[in-house]
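>>> Just need the structure, nothing else, for what follows:
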Amino acid sequence: MIAAGVTGLGTLVSQSPALISVVTLGGAIFLAAYALFAFRRAFHPATLKAGKREDDLKRAVLACLAFTFLNPHVYLDTVVLVGSLSARYEGSARLAYALGAMLASFVWFFSLGYGARLLAPLFAKPAAWRVLDVIIGLVMAALALGLLHRFVQTP
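Next comes the predicted model:
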């Protein structure tokens, strides 16, 4: 998605006010719903049980794909924002920018994966999940409100 934004899709999308409005509003709705789900989990906790199931890999891959491609906020961040910021660079500088953004993204998500593994003992306690879900809910709600503010401010 970073490559798509840097190669011009971000500039193309950013020139369409209607498309930006749709993606902004869709992102706000997606994030608000995600915030509500997080708050619901925090205040109506269910115990998480780790287990080996045959379809765990398939479900994990499908969930990752859904969070990536069905999340309008991802398009705003990676395609529009990163793509439009890359417009100030030309030639090899733009390639370096794209590679740097991709490397930063890889390091971030790789670190999240290994960080989660290191924090597994902490999250064996239901209270830790409740705190995390409240924090996630607050962050998602703040992002949704930010997008709604941007949507309302757009002429």
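
>>> Just want the phi and psi numbers for Pro121.
Per-residue torsions, Pro121: phi -60, psi -40 (degrees, to the nearest 10).

>>> and the gap between it and Ala87?
Remark: distance between Pro121 and Ala87 (C-beta to C-beta, to the nearest Å) = 45 Å. Any C-beta I mention is one placed from the backbone N, CA and C, and that applies to glycine too.

>>> Looking at those two, which is more packed in?
Ala87 (15 against 8; other C-beta atoms under 10 Å).

>>> On the pLDDT front, check that one for me.
Looking at Ala87, its pLDDT is 80.

>>> okay but it is in contact with Thr11, surely?
Yes - Ala87 is within contact range of Thr11, at 5.7 Å (criterion: C-beta atoms under 8 Å).

>>> which one in this structure is furthest away from the centre?
Relative to the centre of the chain, the most outlying C-alpha is that of Gly91, 28.5 Å out, by C-alpha atoms, centre = their mean.

>>> Please enumerate residues in contact with stretch 12-31?
For stretch 12-31, contacts defined as C-beta atoms under 8 Å, 6 or more residues apart in numbering pick out 70-73, 75-76, 79-80, 83-84, 140-141, 143-145, 147-148, 150-151, 154.

>>> show me where pLDDT drops low in this protein?
45-55, 154-155 (pLDDT under 70).

>>> close enough to count as contact, Val79 and Ala3?
No - using C-beta under 8 Å as the test, Val79 is too far from Ala3 to be in contact (9.8 Å).

>>> okay, these two: which has more neighbours?
Each of Val79 and Ala3 has its neighbours counted (other C-beta under 10 Å); Val79 has more, 23 against 15.

>>> where does the more buried one land in three-state SS?
Using DSSP: H, G, I helix; E, B strand; the rest coil, the three-state assignment for Val79 comes out as helix.

>>> Would you map the helices across the protein?
Along the chain, counting by DSSP state H, helices occupy 2-4, 10-14, 17-43, 56-69, 72-74, 83-85, 91-118, 126-153.

>>> and the last one, which residues are buried?
In terms of neighbour count (16 or more other C-beta atoms under 10 Å), helix 126-153 has its buried residues at 129, 132-133, 136-137, 140-141, 143-144, 147-148, 150-151.

>>> Export the residues you listed as a markdown table, with columns for distance to Ala66.
Formatted as a markdown table, the buried residues of helix 126-153 follow (distance: C-beta to C-beta, whole Å):
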| residue | distance to Ala66 |
| --- | --- |
| Trp129 | 21 |
| Leu132 | 20 |
| Asp133 | 19 |
| Ile136 | 17 |
| Gly137 | 19 |
| Met140 | 16 |
| Ala141 | 21 |
| Leu143 | 18 |
| Ala144 | 18 |
| Leu147 | 19 |
| Leu148 | 23 |
| Arg150 | 24 |
| Phe151 | 23 |
